[in-house]
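Novice: fold the following for me, if possible:
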Amino acid sequence: SQSPSDLDRIEGRDVSPEELINHALANGDKSISYTYTEPTVFFEYAYDTAKLASEKGLKNVFVTNGFMTKECIMMTEPYLDAANVDLKSFSEETYKRKMA
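Specialist: Reported below is the predicted structural model:
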């Protein structure tokens, strides 16, 4: 992910986990994917949302870089249905050159 150069132009509003779940259910969504930003960066919000979503019958998918602590994995495991580890490359050289 990359931050936009003009932060004043980003539109949006804060949404509680409850609002998010209610919106998903009203739209007939079957799952929620936590992506574009590593879910563990906003772990408390992602955890609260995943727990509530699971209780309401929605599936949860983390799209992650895979760098989660054991504690994070153990806390979210009961509520996650899938995790996609997003690798930008399979080459150590590319990681060093492009991502370091």
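Novice: when you work out contacts or count neighbours from here on, use the C-alpha atoms and nothing else.
Specialist: OK.
Novice: tell me the spacing between A50 and P39.
Specialist: Here the distance between A50 and P39 works out to 11 Å (C-alpha to C-alpha, to the nearest Å).
Novice: okay, these two: which has more neighbours?
Specialist: In this view A50 and P39 are compared by other C-alpha atoms under 10 Å, and A50 has more residues nearby, 28 against 20.
Novice: can you verify my assumption that that one contacts K56?
Specialist: No - the pair formed by A50 and K56 falls short of the contact definition of C-alpha atoms under 8 Å, at 9.8 Å.
Novice: common neighbours of the two, please.
Specialist: With contacts defined as C-alpha atoms under 8 Å, 6 or more residues apart in numbering, no residue is shared by A50 and K56.
Novice: run a quick neighbour tally on the closest residue to K30 other than its chain neighbours.
Specialist: Once its chain neighbours are removed from consideration, K30 has its nearest residue in L58; the separation is 5.4 Å (C-alpha to C-alpha, 6 or more residues apart in numbering). Neighbourhood size, L58 [other C-alpha under 10 Å]: 21.
Novice: now the phi/psi pair for L58, please.
Specialist: For L58, the backbone dihedrals are phi -90, psi 150 (criterion: degrees, to the nearest 10).
Novice: any idea how far Y47 is from it?
Specialist: Shown here: L58 relative to Y47, a distance of 14 Å by C-alpha to C-alpha.
Novice: again with N84
Specialist: Going from N84 to Y47 by C-alpha to C-alpha gives 16 Å.
Novice: do A26 as well
Specialist: When distances are taken as C-alpha to C-alpha, A26 and Y47 turn out to be 21 Å apart.
Novice: all strands for this structure, in order.
Specialist: All strands of the chain, identified by DSSP state E, fall at 31-34, 59-64, 82-85.
Novice: tell me the most buried of the ones you listed?
Specialist: Among the strands of the chain, the stretch with the highest mean neighbour count (mean count of other C-alpha atoms under 10 Å) is strand 59-64, at a mean of 20.
Novice: for that one, packing partners?
Specialist: Judged by 3 or more C-alpha pairs under 8 Å, 6 or more residues apart in numbering; DSSP states H and E, the packing partners of strand 59-64 are strand 31-34, helix 43-55, strand 82-85.
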